[in-house]
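1. this one's structure only:
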């Protein structure tokens, strides 16, 4: 459980999200971020290689979750 209720992210999920967010904020696009993660053998939660759409969804869903949790508080 996360501190705000519900199921939180695992440590590895949080680290991966933070890395993706950092890379995106530094100006890299989704495909380049996917290539970066794949080059470092960082796989998705299901163990697959990253694609640009996976990177987009990680950022989108995290933002949606944060917005939803802030409305609850």
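-> Thanks, I have it. Small disclaimer: the values here were computed from a predicted structure and weren't measured.
2. State which helix of this structure is the longest.
-> Using DSSP state H, we find that the single longest helix of the chain is helix 52-72.
3. any residues touching that one, and which ones?
-> Helix 52-72 is contacted by residues 4-6, 16-17, 20-21, 24, 29-31, 33-34, 37, 44 when judged by C-beta atoms under 8 Å, 6 or more residues apart in numbering. C-beta coordinates here come from the backbone N, C-alpha and C atoms, glycine included.
4. cool, and stretch 37-44?
-> 16, 19-20, 49-50, 54-55.
5. Quickly check those residues for the two that are furthest apart.
-> The distance between the two most remote of the contacts of stretch 37-44 (C-beta to C-beta) is 15.7 Å, for 19 and 49.
6. Please, which helix or strand holds the residue nearest in space to the middle of the chain?
-> Nearest to the mean C-alpha position of the chain, counting by C-alpha atoms, centre = their mean, stands residue 17 at 3.2 Å. Secondary-structure element containing residue 17, defined by DSSP states H and E: helix 11-25.
7. quick one on the thing from earlier: the contacts of stretch 37-44 into CSV, with extra columns for distance to residue 63, neighbour count and pLDDT?
-> Listed next are the contacts of stretch 37-44 as CSV, based on distance: C-beta to C-beta, whole Å; neighbours: other C-beta atoms under 10 Å; pLDDT from 0 to 100:
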residue, distance to residue 63, neighbour count, pLDDT
16, 15, 20, 95
19, 16, 15, 97
20, 12, 24, 97
49, 23, 13, 97
50, 18, 22, 97
54, 15, 18, 97
55, 13, 25, 97
